[in-house]
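J.: The sequence isn't on hand, but the structure is:
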């Protein structure tokens, strides 16, 4: 089994590393980081690069596809080579997945038409543009398509998917090994819970980021 | 303000990326990934490399130090150059922090003597070897030393620290932006909650990993 995680300039690191950390020990599976060219790919802060060990051309038929989000995603919405590759890869996948605004890339590639899907809370309504039905849940599964909400939801998505790939018990062992028993120091992680003025401020700022 | 995150061969990716994702947007702060040599540093699975943009020699007086854990940590417990650097860096930090077994590196460097500290649940008792008092909590703060439990606890540590660095409101905005409203699909993230046979199995296996 091959699990391919796609990197592109200005992706969000945790979108990719969250699922990686849950999935990379899947029995009898190989996880590969893939980008248009091999080598370092910078994240959205500019302060970190992850290495893509394979080029898109070298990975043509993954079994599991993971597409992270990040501000760099908006520059790719009309980028033929990546969108063509997503469609080609999806043709052979058992699972096609995304984290955060990665679902917009799946959407523009035409892969979510008629599907229930989610995205970052600031972007989820945009899924309608691609014929998808926006669902405001942490992890949404529709057939072989598994989409996660913003950034950190990729951990929950990865663990959910691991349960399907390797069984509930194996997934629980990975959860325990990673001590994934979260205790956020604040309860401000969703627009329903955060102070309203913070929600408004992020909504205002996002107009310039999400287009 | 300079935030330095240390990388070394066979570190655990999420240990480093969790705090990075919470801290990299700290106002008026620069986040740098640092290792003995600049360039790609492989994680514990061998399937991913993060790039260290600076060498230890180039970063001598960070304000915030973050030391991730991972199986590669055990090979460094007598590694003079890194331990010397940790002591030297700690001399100027405002905050010295760790995730998972990173606290064992702080311990062997002599930085946790007489301090309350935590680590991965499989390793926390080993802190006694370094004169520290093991505390089984998710994030433990004692003076300027902030230690986190296993792997994913680095996210909670990073967000906690961000609150101290930039204020509660800023930290809540980052939590909201990262949609950090966790919903693990299982409740097996700590030895108190996971099925006992899984706890025993990991404990057995860890004898060969943690020495």
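T.: Looks like it arrived, so ask away. Because the structure is a prediction, the values reported are computed rather than measured. Numbers count the residues shown, from 1 in each chain, chains lettered A, B, ... in the order given.
J.: Phi and psi next, for the residue most central in space within chain A.
T.: Closest to where the C-alpha atoms of chain A average out (Cα atoms, centre = their mean) is residue A:99, at 2.1 Å. Dihedral pair for residue A:99: phi -130, psi 140, per degrees, to the nearest 10.
J.: Surely it and residue A:155 touch.
T.: No. Using Cβ atoms under 8 Å, residue A:99 makes no contact with residue A:155, being 9.1 Å away. Yep, even glycine has a C-beta here, placed from its N, CA and C like the rest.
J.: Between the two, which contacts overlap?
T.: A:18, A:19 (Cβ atoms under 8 Å, 6 or more residues apart in numbering or on different chains).
J.: quick one on the thing from earlier: got a list of what the residue nearest to the centre of chain A touches?
T.: So residue A:99 contacts A:15-16, A:18-19, A:66-69, A:147-148, A:151, A:153-154, A:157 (Cβ under 8 Å, 6+ apart).
J.: for residue A:35, same thing?
T.: A:6, A:7, A:8, A:41, A:52, A:55, A:56.
J.: Would you show me how to pick out the buried ones of those residues in PyMOL?
T.: Selection of the buried residues among those in PyMOL, burial being defined by 16 or more other Cβ atoms under 10 Å in any protein chain shown:
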select buried, chain A and resi 6+7+8+41+52+56
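J.: In strands only, show me the contacts of residue A:35.
T.: In this view, these that belong to strands under DSSP state E are A:6, A:41, A:52, A:55.
J.: As CSV, those residues with pLDDT would be great.
T.: Shown next, in CSV, are the ones in strands among the contacts of residue A:35 (pLDDT from 0 to 100):
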residue, pLDDT
A:6, 98
A:41, 98
A:52, 98
A:55, 98
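J.: Closest one to residue B:116 out of the residues you listed, please.
T.: Comparing those against residue B:116 with Cβ to Cβ places residue A:41 closest, at 39.3 Å.
J.: which ones are touching the closest one?
T.: Residue A:41 sits in contact with A:7, A:8, A:9, A:11, A:35, A:49, A:50, A:51, A:52, where contact means Cβ under 8 Å, 6+ apart.
J.: For the ones in strands among the contacts of residue A:35, give me CSV that also has distance to residue A:136.
T.: Converted to CSV, the ones in strands among the contacts of residue A:35 look like this (distance: Cβ to Cβ, whole Å):
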residue, distance to residue A:136
A:6, 25
A:41, 30
A:52, 32
A:55, 36
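J.: with the residues you listed in mind, which one is nearest to residue A:180?
T.: Nearest to residue A:180 among these, with distances taken as Cβ to Cβ, is residue A:6, at 23.6 Å.
J.: Verify the stated contact: that closest one with residue A:64.
T.: No. Using Cβ under 8 Å, residue A:6 makes no contact with residue A:64, being 11.5 Å away.
J.: Can you pull out the residues in contact with stretch A:80-94?
T.: A:4, A:6, A:8, A:36, A:56, A:59-65, A:67, A:76, A:96, A:105-106, A:108-111, A:144.
J.: Buried subset of these as a PyMOL selection?
T.: Buried subset of the contacts of stretch A:80-94, written as a PyMOL selection, criterion 16+ other Cβ under 10 Å:
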select buried, chain A and resi 4+6+8+36+56+59+62+63+64+65+67+76+96+105+106+108+109+111
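J.: In strands only, show me the contacts of stretch A:80-94.
T.: Using DSSP E, the contacts of stretch A:80-94 in strands are A:4, A:6, A:64, A:65, A:67, A:96.
J.: Would you quantify the distance from the second one to residue A:35?
T.: As for residue A:6, its distance to residue A:35 is 7 Å (criterion: Cβ to Cβ, to the nearest Å).
J.: The first one now?
T.: From residue A:4 across to residue A:35, the span is 10 Å (Cβ to Cβ).
J.: Equivalent analysis for residue A:179, please.
T.: 30 Å.
J.: Residue A:77 now?
T.: 17 Å.
J.: can you check residue A:45 too?
T.: 18 Å.
J.: likewise residue A:146?
T.: 21 Å.
J.: For the helix or strand bottoming out on mean pLDDT in chain A, name the packing helices and strands.
T.: None of the helices or strands of chain A scores lower by mean pLDDT, DSSP states H and E than helix A:196-209, at a mean of 86. Judged by 3 or more Cβ pairs under 8 Å, 6 or more residues apart in numbering or on different chains; DSSP states H and E, the packing partners of helix A:196-209 are helix B:168-177.
J.: what's the average pLDDT for the helix it packs on?
T.: Average pLDDT, helix B:168-177: 97.
J.: buried ones in it?
T.: Buried-residue list, helix B:168-177, by 16+ other Cβ under 10 Å: B:170, B:171, B:172, B:173, B:174, B:175, B:176, B:177.
J.: try stretch A:141-157
T.: Buried-residue list, stretch A:141-157, by 16+ other Cβ under 10 Å: A:141-142, A:145-157.
J.: Out of the ones in strands among the contacts of residue A:35, flag the one nearest to residue A:164.
T.: The closest of the ones in strands among the contacts of residue A:35 to residue A:164 turns out to be residue A:6 (Cβ to Cβ; 20.1 Å).
J.: And that closest one, how far from chain B?
T.: 13 Å (Cβ to the nearest Cβ, to the nearest Å).
J.: ditto for residue A:115
T.: From residue A:115 to chain B the distance is 20 Å (Cβ to the nearest Cβ).
J.: wouldn't that residue be in contact with residue A:134 here?
T.: No. With contacts counted by Cβ under 8 Å, residue A:115 stays clear of residue A:134, the gap being 10.5 Å.
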